[in-house]
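>>> pasted the sequence and its predicted model underneath.
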Amino acid sequence: MKNIEIAFGFFQYERIKIAKLLYEPFSEKVKPIFGSKEKSIEIYSRYLKSDGIIVARKDREILGVAGIKTKKDNWLEIGVLEALKEFGISIFRVAFLGLALKKSAKNGLLLDVITVVKEARGKGIGTALLSFIIDFAEKERLPMIRLFVIEQNIKARKLYERMGFKIIKFHTLLFPWRKIFGFKGSFEMVYSPRKIGTVHQKTSRVREPRGPLRGHERRR
């Protein structure tokens with residue numbers, strides 16, 4: 001697909017749509033925590049942080065979204081007090097899931113979620129988003145990109161491997177959490193930029209402007 005624009009950030013009017021897109025890949029995981037789909041999307045929407053969101057668009061239509069974590073940025077920012085308010089006792093499930101998957105962005109960049117709208121799948125949008133993230137990591141001189149993919153998602157794992165990611169560990173989810181979340185564990189995969197500091201494309205950020213759409217850089 002040609003003329004794809006990719007950039008950090010989103011506009012306020014896109015918040016709900018992005019939350020709906022991000023809900024899909026996490027739907028089976030968050031259902032035991034958030035409950036209904038409507039509540040999940042509501043919570044996602046409320047705590048989305050623009051600086052950690054990367055959006056692929058064509059003619060201002062959203063085609064795909066990725067959420068990342070670094071030392072500076074996080075796509076979903078929620079504090080302890082907010083978590084207690086939103087989840088109640090379910091916060092213990094949230095905390096355990098985070099611990100079990102070891103989702104830390106202390107070293108480099110963590111690609112937490114990536115998703116493409118149904119109509120645009122198979123057209124290279126996911127690959128374009130991954131390429132953008134790799135370019136960003138190289139520009140920022142980050143030592144690595146990490147991600148976690150559940151064992152059942154073979155298609156995604158193959159895409160990551162084609163892009164140069166390597167499996168370094170399998171994290172087993174213990175009982176009873178395995179039953180609660182519906183999967184046995186996840187593969188931890190790492191990409192180490194070959195040319196730290198070499199930028200293939202300039203990255204940009206959208207800061208929720210009120211004027212015309214702007215700030216996009218990568219075109220395909």
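Done, it's in.

>>> could you measure from residue 40 over to residue 76?
12 Å (Cβ to Cβ, to the nearest Å). Where you see a C-beta, it was placed from the backbone N, CA and C, and this is true even at glycine.

>>> next secondary structure element downstream of the helix or strand of the chain with the lowest mean pLDDT?
Across the helices and strands of the chain, mean confidence by mean pLDDT, DSSP states H and E is lowest for helix 91-100: a mean of 46. Read in the C-terminal direction, the helix or strand following helix 91-100 is strand 109-116, with elements assigned using DSSP states H and E.

>>> can you list the strands that that next one pairs with?
According to DSSP bridges, strand 109-116 forms sheet pairs with strand 61-69 (antiparallel), strand 145-150 (parallel).

>>> check which residues of stretch 142-156 are buried.
Residues of stretch 142-156 classed as buried under the neighbour-count rule (16 or more other Cβ atoms under 10 Å) are 142, 145, 146, 147, 148, 149, 150, 156.

>>> need the distance between the two termini of that stretch.
With Cα to Cα, to the nearest Å as the measure, stretch 142-156 spans 23 Å from end to end.

>>> average pLDDT for that stretch, rounded please.
Taken as a whole, stretch 142-156 carries a mean pLDDT of 91.

>>> repeat that for stretch 21-41.
If you average the pLDDT values across stretch 21-41, you get 72.

>>> tell me where the model's unsure across the protein.
Filtered on pLDDT under 70, the chain yields the residue ranges 26-35, 79-106, 176-182, 194-220.

>>> please enumerate the strands of it.
Taking DSSP state E as the criterion, the chain carries its strands at 5-8, 53-58, 61-69, 109-116, 145-150, 166-172, 185-191.

>>> and stretch 44-56, end to end?
Start to finish, the residues bounding stretch 44-56 are 19 Å apart (Cα to Cα).

>>> for it, which positions count as buried?
44, 45, 47, 48, 49, 50, 51, 52, 53, 54, 55, 56.

>>> would JSON lines of those with distance to residue 190 be doable?
Putting the buried residues of stretch 44-56 into JSON lines (distance: Cβ to Cβ, whole Å) gives the following:
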{"residue": "44", "distance to residue 190": "26"}
{"residue": "45", "distance to residue 190": "31"}
{"residue": "47", "distance to residue 190": "27"}
{"residue": "48", "distance to residue 190": "26"}
{"residue": "49", "distance to residue 190": "24"}
{"residue": "50", "distance to residue 190": "26"}
{"residue": "51", "distance to residue 190": "23"}
{"residue": "52", "distance to residue 190": "19"}
{"residue": "53", "distance to residue 190": "22"}
{"residue": "54", "distance to residue 190": "19"}
{"residue": "55", "distance to residue 190": "25"}
{"residue": "56", "distance to residue 190": "23"}
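
>>> which among the residues you listed gets closest to residue 120?
If you rank the buried residues of stretch 44-56 by distance to residue 120 using Cβ to Cβ, residue 56 comes first, at 8.3 Å.
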